[in-house]
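Sequence unavailable; structure follows:
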């Protein structure tokens, strides 16, 4: 941990942090060596507790970010699936467009072919009309000739026959000419009507082909529009995926930073605990060298006194409870001692004041370090009688009962904390 580092000339004890520097500055001139070692050990326990709290806070923060990252990852998975579905749909639309375009091409070829057939048919129809007109004109000329010359020419032609056989031939010829004219005229009329019917059929076919082509072109336009919409949708998914990936990367970076901070705090705790063990071992060797028995500071060798002399009424015990007022804890981490405002509050054991301040929930409160990771806590005081860094002895007055913070009336909240966790004070001291 960054901060001040000091080595006392007698104990060679490294102390880190601004708090340690302040405590040393205030206490080194005043305390004997044994008490100074206790203060330094308490300061190291404070640093361990603070590091553990940072680890706990960072783990909670990491869990929150990890939970958010899971949500972002799930969102990424969903977006990628949607993008994949949309891309597959675009591919199907591409295939459908290709099929429509091929169909339009075939329809255009068919229309071109029918148009060519219509041109040919129109030419044939025109030729049929002309043949009909020519045949009709020829027939009219022969009819006119026979009408103008009457039967006499026919009779003359018959009498000019040299024999009966010639006579029959002449009569047959005249009849054949008449039948020929009639047959030819009927033939040309039939051909004209057939060609006209074919032309009408081709025109109808062309209209149907053009209608089909128009429908195909409309479908092509619709599919093209849908394809563009889906392409835009894929682009939108890409943008969202990119943003989500960036967010996930930032979260992962934050998680990595928090993990690094947790490792740093754990390393710091390990270093401090190793130093505490080294100090205890050094103190043990020194005590043995001087013929003394070494006893490390623990909860078992601290002698406590009741922090509110003359007051024994417990209004709230340690552990689970119903919250007595809004904002108060349902997991009570101490005992509440009912007492009139202004009743003296004393230090339950000797040590160093590490906290003396106001909190919105605890009101005026004090925390004293007794060494060995043991602390006592005093809350809802009407006043603060000591400041941070003050060395106190067992039974010294440190404040007075009050009702500050989340409180339903005048009382003292008294707690004992060991190595970062609260224990039932009544297991160690009673009124």
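Arrived safely, thanks for sending. All values derive from a computational prediction rather than experimental measurement.

Show me how far whichever strand or helix holds residue 251 is from its chain's centre.
If you go by DSSP states H and E, residue 251 is part of helix 164-289. Helix 164-289 sits 28 Å away from the centroid of its parent chain (C-alpha atoms, centre = their mean, to the nearest Å).

Low-confidence regions, the stretch 51-200 of the chain specifically.
Judged by pLDDT under 70, the stretch 51-200 of the chain has its weakly predicted residues at 125, 128, 131-132, 135-136, 138-182, 184-185, 187-188, 191-192.

Would you mind measuring from the spatially most central residue of the chain to residue 375?
Nearest to the centroid of the C-alpha atoms of the chain, with distances taken as C-alpha atoms, centre = their mean, sits residue 72, at 3.0 Å. From residue 72 across to residue 375, the span is 41 Å (C-beta to C-beta, to the nearest Å). (Glycine included, C-beta is placed from N, CA and C.)

mind listing the strands in the chain by residue range?
5-7, 14-16, 314-316, 319-320, 331-332, 335-338, 344-346, 351-359, 363-371, 374-384, 391-392, 397-401, 411-418, 421-423 (DSSP state E).

quick check: domain ranges of this structure?
According to automatic domain parsing, the chain comprises the domains 34-296, 300-427.

so of the ones you listed, which one's packed in deepest?
When you average the neighbours per residue for each of the domains of the chain (mean count of other C-beta atoms under 10 Å), domain 300-427 leads with a mean of 18.

any idea of the mean pLDDT for that one?
Averaging the model's pLDDT scores along domain 300-427 yields 87.

For residue 205, give me its contacts.
The contact partners of residue 205, taken as C-beta atoms under 8 Å, 6 or more residues apart in numbering, are residue 114.

Read off the pLDDT value for it.
At residue 205, pLDDT is 78.

I'd like the distance between it and residue 198.
On the measure of C-beta to C-beta, residue 205 and residue 198 end up 10 Å apart.

And for residue 353?
Applying C-beta to C-beta to residue 353 and residue 198 gives a distance of 117 Å.

same question, residue 69
Distance from residue 69 to residue 198, by C-beta to C-beta: 76 Å.

cool, residue 234 as well?
52 Å.

circling back to that earlier point, nearest spatial neighbour of the residue nearest to the centre of the chain, chain-adjacent residues omitted?
Residue nearest to residue 72 in three dimensions, not counting chain neighbours: residue 248, with 4.7 Å by C-beta to C-beta, 6 or more residues apart in numbering.

How about residue 319?
residue 332 (6.0 Å).

so who does residue 418 touch?
So residue 418 contacts 299, 373-375 (C-beta under 8 Å, 6+ apart).

CSV for these, including distance to residue 61?
CSV is the format used below for those (distance: C-beta to C-beta, whole Å):
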residue, distance to residue 61
299, 31
373, 25
374, 29
375, 25
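
quick one on the thing from earlier: in contact with the residue nearest to residue 72, which residues?
By C-beta under 8 Å, 6+ apart, the contact set of residue 248 is 69, 72-73, 76.

how about the residues you listed, which pair is most distant?
69 and 76 (10.0 Å; C-beta to C-beta).

Contacts only, for residue 376.
304, 307, 347-349, 351, 367-368, 370, 414-417.

Tell me the bridge partners for it.
The bridge-partner assignment for residue 376, based on DSSP bridges, gives residue 368, residue 416.

how much space between it and residue 346?
The spacing between residue 376 and residue 346, counted by C-beta to C-beta, is 11 Å.

Please enumerate the shared neighbours of these two.
By C-beta under 8 Å, 6+ apart, the residues touching both residue 376 and residue 346 are residue 307.

what separates stretch 312-319 from the chain centre, distance-wise?
Per C-alpha atoms, centre = their mean, the centroid offset for stretch 312-319 relative to its chain is 49 Å.

Quote the end-to-end distance of it.
19 Å (C-alpha to C-alpha, to the nearest Å).

tell me the contacts of residue 314?
335-338, 426.

which residues pair with it across the strands?
In this entry, residue 314 is beta-bridged to residue 337, by DSSP bridges.

what's the distance between it and residue 335?
Separation of residue 314 from residue 335 (C-beta to C-beta) stands at 6 Å.

now residue 360
Noted for residue 360: a distance of 22 Å to residue 335, by C-beta to C-beta.

Repeat that for residue 88.
In this view, residue 88 and residue 335 are 68 Å apart by C-beta to C-beta.

what do you get for residue 261?
35 Å.

next one: residue 189
128 Å.

coming back round to it: what is the nearest of the contacts of residue 418 to residue 270?
residue 373 (15.1 Å).

Not counting sequence-adjacent ones, nearest residue to residue 344?
Nearest one to residue 344, counting by C-beta to C-beta, 6+ apart, is residue 397 at 5.2 Å.
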